[in-house]
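Chemist: need coordinates for the following:
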Amino acid sequence: MAMPMPLLVNCTGCQTPLQVPPGASSIRCALCGAISHIAAPRGTDPPHGYHQQRYQPSAPPSPAPSPQHYSPAPPPSQGRKKAVICGISYKYSRHELKGCLNDANCMKFLLINKFKFPEASILMLTEEQRDPLRIPTKHNMRMALFWLVQGCQPGDSLVFHYSGHGSQQRNLSGDEVDGYDETILPLDFETQGMIVDDEINATIVRPLPRGVRLHAIIDACHSGTVLDLPFLCRLNRSGQYVWEDHRPRSGTWKGTNGGEAISFSGCDDNQTSADTSALSRITSTGAMTYCFIQAIEKGAGTTYGSLLNSMRNTIRETGAGTGGGPVTSLITMLLTGGSYSGGLTQEPQLTSTEPFEIHSKPFYL
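Modeler: Down below sits the predicted model:
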């Protein structure tokens, strides 16, 4: 039996779309804590301000967390820069990762100190957050992605960084070249399901208006096309490249509303991404996050081509046993336990909504 389309209502506080539970008379926003009252029963036409949207979740959506103590407001958008940083270690489970919290903290440090993101405009989702609404559950991650693009204007720079598990599931709509959807795994994925690339694209890519830039940095397995962007850059070791067309044969639009979306991911769709101490030699990190930060620290992030080349070279050197190079100041600020130190075979990927000249286009967040 076909499932009814979920009803969404814009939060009266921050305007984030909220999914209305069946029969609910009000709903509390997971981000700003505002209570939105439902003006009409589910069976009637929605009042002004409501809209409907179809999702394709892999499991029933998570219920909103219960705000038992407090619901602090989301970071305000300042200086035309906003970021969502999500690091999930899956602590105390058989899926545990060692480096994801380090990745999240290092990325926050980089955005604030190198790219001048206001700290108040960075929304952190990690298991160490004291606020239950900023634990990286499926519901909280969805709300954070809505917040990221909410109210964006020309000139804005948005960043989504994710470090955690990634996976694949068979695609049934025919819009994937390899026949599989890529997914990211929230903390509660075993009960609430994964977040599929189609939903990520619909939430943070397609709404982008002209003049807005989104960069995604995804450190996860099977993450090559996890934003479902239309073009993937195939770069060889000599610096030659070609843009591969991944637009769905069905004609489904995966681009923006005039804006620009670019994604760096930890590996190709058919590869896995390492959680390792082989690079820094002092702390566990995601291999891709480490290489991304190191490339920028040593001045190799002037263009998209130089950044991608530097990241891949670091991976190759580590895989060949020559080491990961000098430890950067961003990595050494975190001293925690290690992980395995084997070689690495993953290859970071670059995808975009439009092809561009990677060796001349300047990189900046």
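
Chemist: helix or strand right after the helix or strand bottoming out on mean pLDDT in the chain?
Modeler: The helix or strand with the lowest mean pLDDT-type score in the chain, counting by mean pLDDT, DSSP states H and E, is strand 50-52 (a mean of 37). Sequence order places strand 81-87 as the next helix or strand after strand 50-52, per DSSP states H and E.

Chemist: show me what that next one is packed against.
Modeler: Counting contacts by 3 or more CB pairs under 8 Å, 6 or more residues apart in numbering; DSSP states H and E, strand 81-87 is packed against helix 100-113, strand 122-126, helix 138-149, strand 157-163. In this view, the C-beta of every residue, glycine as well, is placed from N, C-alpha and C.

Chemist: closest one to G258 among those?
Modeler: helix 138-149 (13.1 Å; CB to CB).

Chemist: what's the angle between the closest one and strand 81-87?
Modeler: Going by axes from the mean of the first three to the mean of the last three CA atoms, to 10 degrees, helix 138-149 is angled at 160 degrees with respect to strand 81-87.

Chemist: can you dump the C-alpha atoms of helix 138-149 in PDB for me?
Modeler: Extracted in PDB, the C-alpha atoms of helix 138-149 (Å, rounded to 0.1, in the frame of the first residue of the first chain):
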ATOM      1  CA  LYS A 138      19.000  10.700  11.800                       C
ATOM      2  CA  HIS A 139      16.400  13.300  12.800                       C
ATOM      3  CA  ASN A 140      19.000  15.800  14.100                       C
ATOM      4  CA  MET A 141      21.200  15.400  11.000                       C
ATOM      5  CA  ARG A 142      18.200  16.000   8.800                       C
ATOM      6  CA  MET A 143      17.300  19.100  10.700                       C
ATOM      7  CA  ALA A 144      20.900  20.400  10.600                       C
ATOM      8  CA  LEU A 145      21.000  20.000   6.800                       C
ATOM      9  CA  PHE A 146      17.700  22.000   6.500                       C
ATOM     10  CA  TRP A 147      19.200  24.700   8.700                       C
ATOM     11  CA  LEU A 148      22.400  24.900   6.600                       C
ATOM     12  CA  VAL A 149      20.500  26.100   3.500                       C
END
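
Chemist: avg pLDDT for that helix?
Modeler: Taken as a whole, helix 138-149 carries a mean pLDDT of 96.

Chemist: and what of stretch 228-242?
Modeler: In the prediction, stretch 228-242 has an average pLDDT of 91.

Chemist: identify each buried residue in that stretch, please.
Modeler: For stretch 228-242, a neighbour-count test (16 or more other CB atoms under 10 Å) marks 228-233, 235, 241 as buried.

Chemist: and if you look at stretch 130-138?
Modeler: 132-138.

Chemist: surely S352 is in contact with S263?
Modeler: Yes. Contact criterion CB atoms under 8 Å: S352 and S263 qualify, at 7.4 Å.

Chemist: so what sits against both of these two?
Modeler: L229 (CB atoms under 8 Å, 6 or more residues apart in numbering).

Chemist: more neighbours, the two?
Modeler: In this view S352 and S263 are compared by other CB atoms under 10 Å, and S263 has more residues nearby, 25 against 21.

Chemist: any idea which helix or strand carries the more buried one?
Modeler: strand 260-265.

Chemist: kindly export that strand (C-alpha atoms) in CSV.
Modeler: Output in CSV follows, covering the C-alpha atoms of strand 260-265 (Å, rounded to 0.1, in the frame of the first residue of the first chain):
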residue,chain,number,x,y,z
GLU,A,260,27.2,25.9,-7.1
ALA,A,261,27.8,22.6,-5.2
ILE,A,262,31.2,20.9,-5.1
SER,A,263,32.1,17.8,-3.1
PHE,A,264,35.4,16.2,-2.0
SER,A,265,34.9,12.6,-0.9
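
Chemist: pLDDT of stretch 316-328, averaged?
Modeler: pLDDT averaged over stretch 316-328 gives 50.

Chemist: now stretch 158-172
Modeler: If you average the pLDDT values across stretch 158-172, you get 86.

Chemist: buried residues in it?
Modeler: So, applying 16+ other CB under 10 Å, buried residues of stretch 158-172: 158-168, 171.

Chemist: for stretch 304-317, same thing?
Modeler: 304-312, 314-315, 317.

Chemist: what's next to that stretch, contact-wise?
Modeler: With contact meaning CB under 8 Å, 6+ apart, stretch 304-317 is reached by 233, 235, 239, 241, 262, 264, 279, 287-288, 290-292, 294-296, 298, 300-301, 323-325, 344, 346-348, 350, 356, 358-359, 361, 363.
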